[in-house]
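# Sequence and predicted structure are below.
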Amino acid sequence: MVLKGRKIGIIGGGKMGEVLLSGIISHKLASAKDIVVSDTVAQRLEELKKTYRVRVTSDNNKTVRQGDIIILAVKPQNMAEVLEGIAGAVSGEKIIISIAAGITTKFIETRLGKSARVIRVMPNTPALVGEGVAALAAGAKATAQNINVAGQIFDSVGITVVVKEALMDAVTGLSGSGPAYAFVIIEALADAGVRMGLGRDIALTLSAQTMLGAARLCIESGKHPAELKDMVTSPGGTTIAGLKALEDGKIRATLMAAVEAATLRSKELGSAK
């Protein structure tokens with residue numbers, strides 16, 4: 001295990017910071033005594049300390065000094081201030097993992113020093129239930145082993161892929177924003193069920209579980225989505241009638257346009273920093 005014996009510091013005790021903390025502990029990647037969390041809200045720190053029995057502090061520098069792996073779970077607009085505050089405590093041996101959307105590894109390296117081993121990660125909200133997907137991109141000094149370390153952490157709350165950093169905006173447009181697209185589809189299917197006479201609760205359960213089951217079948221079967229679609233589609237049957245309505249509504253083009261729009265917006269936001 002590449003994390004064995006390493007100490008972990010998490011700067012930012014918000015939802016994603018807690019999700020990663022929970023994943024690390026539940027998968028026994030590190031013990032609670034080897035984890036320190038820093039945050040600006042004292043009440044939040046007390047909650048995390050009570051729930052996970054980790055060490056907590058309001059001092060980011062203390063978190064960095066005591067950690068071998070530092071997870072920056074802070075908002076993008078706060079990143080520059082946080083980096084300025086911890087720069088003096090960062091050495092070349094530490095692994096810096098950032099989950100701040102739109103913040104490049106170069107942005108972090110410039111403020112922490114060119115020797116900093118930085119990994120940029122784009123997670124998504126299904127990590128809250130252990131079903132996330134995170135894309136990892138290595139900075140200039142990050143090694144394959146550093147990527148493995150980050151991968152093990154994010155595998156504890158879902159699955160991971162490794163991409164070139166230039167593709168991170170596309171990742172944001174697809175998987176970062178993607179849960180919202182899925183929620184719209186789930187809601188629309190449930191509304192359709194209600195229109196056809198189903199009760200709201202039953203319609204929503206059928207819709208959400210159908211999407212979940214279809215996604216799991218796609219992943220676990222290894223079959224192409226088109227092949228799985230054909231397995232459900234009988235000649236002259238109900239499914240092909242429904243698929244015809246989806247094609248008439250340009251669902252493919254609409255979803256592709258959504259990913260493209262989100263990707264372009266991600267690039268805009270990134271260039272503004």
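Arrived safely, thanks for sending. Computed from a predicted model, the values in this text were never measured in an experiment. Numbers count the residues shown, from 1 in each chain.
# State the pLDDT value of residue 92.
Residue 92 carries a pLDDT score of 82 in this model.
# On the three-state scheme, it is what?
Put simply, residue 92 is coil when judged by DSSP: H, G, I helix; E, B strand; the rest coil.
# again, but for residue 97
Three-state call for residue 97 (three-state DSSP): strand.
# One more: residue 243?
Per three-state DSSP, the local secondary structure of residue 243 is helix.
# pretty sure it is touching residue 233, no?
Yes: using C-beta atoms under 8 Å, residue 243 makes contact with residue 233 at a distance of 6.7 Å. Every C-beta, even on glycine, is put in place using the N, C-alpha and C of the backbone.
# Let me see the ranges of the helices in the stretch 51-200 of the chain.
All helices of the stretch 51-200 of the chain, identified by DSSP state H, counting those that start in this stretch, fall at 60-66, 79-86, 105-112, 144-155, 168-171, 178-195, 200-221.
# Which one of those helices lies nearest to residue 34?
helix 60-66 (9.2 Å; C-beta to C-beta).
# Kindly export the closest one (C-alpha atoms) in PDB.
Taking C-alpha atoms only, helix 60-66 is exported to PDB below (Å, rounded to 0.1, in the frame of the first residue of the first chain):
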ATOM      1  CA  ASN A  60      -2.800  25.600   7.900                       C
ATOM      2  CA  ASN A  61       0.900  25.700   8.400                       C
ATOM      3  CA  LYS A  62       0.700  23.100  11.100                       C
ATOM      4  CA  THR A  63      -1.300  20.900   8.800                       C
ATOM      5  CA  VAL A  64       1.400  21.100   6.100                       C
ATOM      6  CA  ARG A  65       4.300  20.600   8.400                       C
ATOM      7  CA  GLN A  66       2.800  17.500   9.900                       C
END
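# how about low-confidence regions in the stretch 151-273 of the chain?
272-273 (pLDDT under 70).
# Counting neighbours, what do you get for residue 154?
Residue 154 is flanked by 26 other residues according to other C-beta atoms under 10 Å.
# quick one: it and residue 132 touch, right?
Yes: counting by C-beta under 8 Å, residue 154 does reach residue 132; the two are 7.4 Å apart.
# Which neighbours do those two have in common?
Counting by C-beta atoms under 8 Å, 6 or more residues apart in numbering, the contacts common to residue 154 and residue 132 are residue 123.
# Buried deepest among the helices of the stretch 51-200 of the chain, which one?
Mean neighbours per residue, mean count of other C-beta atoms under 10 Å, is largest over those for helix 168-171, with a mean of 23.
# which residues are contacting that one?
Helix 168-171 is contacted by residues 120, 122, 135, 137, 163, 259, 263-264, 266-267, 270 when judged by C-beta under 8 Å, 6+ apart.
# what's the distance between the residue of the chain most remote from its centre and residue 8?
Relative to the centre of the chain, the most outlying C-alpha is that of residue 236, 40.9 Å out, by C-alpha atoms, centre = their mean. Distance of residue 236 to residue 8, given as C-beta to C-beta, to the nearest Å: 58 Å.
# and which of the contacts of helix 168-171 is nearest to residue 182?
For the contacts of helix 168-171, the nearest to residue 182 is residue 259 (12.3 Å; C-beta to C-beta).
# Let me see the domain layout of this structure.
8-167, 176-271 (automatic domain parsing).
# Just name the most buried of these.
Sort the domains of the chain by mean neighbour count, taking mean count of other C-beta under 10 Å, and domain 8-167 sits at the top with a mean of 19.
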